[in-house]
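Student: My questions are about this predicted structure, shown below with the sequence.
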Amino acid sequence: MESAANTLVLEALRHNTWATKRLLEFCRSLRGDQLASAGVGTYGGILATFHHIIRADAGYVSRIIGVPRSALASSESADFDVHDKAVDETARLWEQYLAQPVDADQLLILDEGAYEAPASVLVAQALHHGNAHREQVCSILTGLGFEPPDVQAWAWADATGRGHERTPDR
């Protein structure tokens with residue numbers, strides 16, 4: 001049985017997954033030149049940024065639980081189905097990890113031994129990283145004349161029934 005703290009973190013990671021998948025779905029219909037478009041100050045084009053988000057997310061959880069990063073997450077495919085599967089696979093690893101008691105202070109040796117940090121830092125980085133790069137994709141989409149989907153936690157809460165507008169009689 002997971003702890004209340006694990007559930008709280010898991011919900012934040014579920015938003016992370018939902019937001020990436022929602023943005024991926026929106027971008028499925030873009031042309032190749034649009035997917036390659038890069039904005040000022042972004043990681044790269046839309047597709048390159050998705051590769052980066054997905055690869056990094058899988059890397060964070062893989063390092064914490066001590067398994068190799070999935071081949072799906074390492075793919076630089078233009079196939080959105082491959083990206084969806086990689087995001088789902090990473091979400092399952094987070095679910096597995098947080099279904100048990102965790103040691104937030106578990107020390108991890110990273111970057112080929114050049115850096116160390118506790119597991120809690122990697123979780124925080126996973127959440128920050130996804131948000132930062134999804135906003136870059138949204139910025140590129142806006143520059144291309146599209147209205148990007150709302151990927152905020154509020155939209156996730158509405159979409160999943162975790163939140164809703166109150167009416168005066170509630």
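Tutor: The structure has been received and is ready for your questions. Numbering: from 1, shown residues only.
Student: mind listing what the closest residue in space to C27 that isn't next to it in sequence touches?
Tutor: Nearest residue to C27, sequence neighbours excluded (CB to CB, 6 or more residues apart in numbering): I46, at 5.8 Å. To be clear about C-beta, it is placed using only N, CA and C from the backbone, and glycine gets the same treatment. Contacts here follow CB atoms under 8 Å, 6 or more residues apart in numbering; on that basis I46 touches 27, 30, 34-37, 137, 140-141.
Student: Have a look at these and tell me the least confident one.
Tutor: Lowest in pLDDT among the contacts of I46 is S37, which has 86.
Student: Burial check on that one, number of neighbours?
Tutor: By the other CB atoms under 10 Å criterion, the neighbourhood of S37 contains 18 residues.
Student: How much space separates it from I53?
Tutor: As judged by CB to CB, to the nearest Å, S37 and I53 stand 16 Å apart.
Student: that older thread, need the contacts of I46 in CSV with secondary structure and distance to D169, can you?
Tutor: Below are the contacts of I46 laid out as CSV (DSSP: H, G, I helix; E, B strand; the rest coil; distance: CB to CB, whole Å):
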residue, secondary structure, distance to D169
C27, helix, 40
L30, coil, 43
Q34, helix, 46
L35, helix, 47
A36, helix, 51
S37, coil, 47
V137, helix, 40
I140, helix, 43
L141, helix, 38
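Student: all helices of this structure, in order?
Tutor: 4-27, 32-36, 46-65, 71-74, 80-98, 119-143, 153-160 (DSSP state H).
Student: so where's this structure uncertain?
Tutor: For the chain, the stretches flagged by pLDDT under 70 are 1-2, 40-41, 170.
Student: try 80 this time
Tutor: Applying pLDDT under 80 to the chain flags the ranges 1-5, 39-43, 71-75, 169-170.
Student: so what's A126 closest to, chain neighbours aside?
Tutor: Leaving aside its chain neighbours, A126 sits nearest to Y60 (4.3 Å; criterion: CB to CB, 6+ apart).
Student: wait, what's in contact with that neighbour?
Tutor: Applying CB under 8 Å, 6+ apart, the residues contacting Y60 are 122-123, 125-126, 129.
Student: Could you do D57 as well?
Tutor: With contact taken as CB under 8 Å, 6+ apart, D57 is in contact with 16, 20, 73, 87, 90, 126, 129-130.
Student: now swap in C138 and tell me
Tutor: By CB under 8 Å, 6+ apart, the contact set of C138 is 23, 148, 151.
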